[in-house]
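Colleague: Below are the sequence and a predicted model for it; my questions follow.
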Amino acid sequence: SHPEIRLTESLSIVIIELPKLQKKLEELNSILEYWIYSIKSEGLKEDEMRTIMKKSQGLNKAMKEVKFISLDQENRKLVAAQLQAERKFQKNEDLAYKKGKLEGKLEGKLEGKIEGKIETAERLLKYNFTVVQICQLTGLSKGDLIKIKKRFKNNIE
């Protein structure tokens, strides 16, 4: 007579009588009814299973687990190996993405530093600093500075 028994403010017991659910799949209204239907029904058809799996993530996960458990030992091993391979592939793909992103950031920072050194060298050339002084101040090589000096002179003329 009491479908719900409240033990404390946050804990209650709900009594569910499976035989009382007499609805057909298309008549179900709540997630609870879908759960009861899936527990009560033996040997759900593929289309019924798909319909139920679409209703909630929990039902979807439970149905996948039921499918897995229903397999014979050999097929369970095959499915488990496939899942493990998929997870490993996904992990490697995620790592490759993160590595590429990091490399891109580092490359951008390096280009920015080099560009900053070139701009500094050009300003120092404007103020007639010597090649040796500019190399010491910027950390650029003598060969790089000569190239910059040629480009700088061409831009001035």
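Modeller: Perfect, thanks for sending it. Numbering: from 1, shown residues only.

Colleague: going forward, measure contacts between C-alpha atoms and count neighbours the same way
Modeller: OK.

Colleague: tell me which strands and helices the helix or strand harbouring K147 is in contact with?
Modeller: Element membership of K147, judged by DSSP states H and E, is helix 142-156. Applying 3 or more CA pairs under 8 Å, 6 or more residues apart in numbering; DSSP states H and E, one finds that helix 142-156 makes contact with helix 73-126, helix 131-138.

Colleague: and those, which is most packed in?
Modeller: Mean neighbours per residue, mean count of other CA atoms under 10 Å, is largest over the helices and strands packed on helix 142-156 for helix 131-138, with a mean of 16.

Colleague: Mind pulling up the pLDDT for E4?
Modeller: E4 is assigned a predicted lDDT (pLDDT) of 66.

Colleague: just the one 10 residues further on next, same as before
Modeller: Reading off the confidence values, V14 has pLDDT 76.

Colleague: please begin residue numbering at 2 from this point
Modeller: OK, 2 is where the count begins now, so the last one is V15.

Colleague: give me the beta-bridge partners of it?
Modeller: Residues in a beta bridge with V15, per DSSP bridges, are E5.

Colleague: Quick test: name the residue nearest the centre of the chain.
Modeller: Nearest to the mean C-alpha position of the chain, by CA atoms, centre = their mean, lies D95 at 7.2 Å.

Colleague: so who does it touch?
Modeller: With CA atoms under 8 Å, 6 or more residues apart in numbering as the criterion, no residue contacts D95.

Colleague: how near is it to K148?
Modeller: As judged by CA to CA, to the nearest Å, D95 and K148 stand 41 Å apart.

Colleague: E120 too?
Modeller: Distance from E120 to K148, counting by CA to CA: 13 Å.

Colleague: ditto for N93
Modeller: In this view, N93 and K148 are 42 Å apart by CA to CA.

Colleague: Where does the prediction get shaky in the protein?
Modeller: Applying pLDDT under 70 to the predicted model, the residue ranges of the chain that meet it are 2-5, 155-158.

Colleague: quick revisit: export the helices and strands packed on helix 143-157 to JSON lines and tack on distance to L26?
Modeller: What follows is those, written out as JSON lines (distance: least, CA to CA, whole Å):
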{"stretch": "helix 74-127", "distance to L26": "29"}
{"stretch": "helix 132-139", "distance to L26": "76"}
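
Colleague: check contacts around L26.
Modeller: By CA under 8 Å, 6+ apart, the contact list for L26 reads 35, 38, 49.

Colleague: what about 10 Å?
Modeller: With contact set as CA atoms under 10 Å, 6 or more residues apart in numbering, L26 has these partners: 34-35, 38-39, 49, 52-53.
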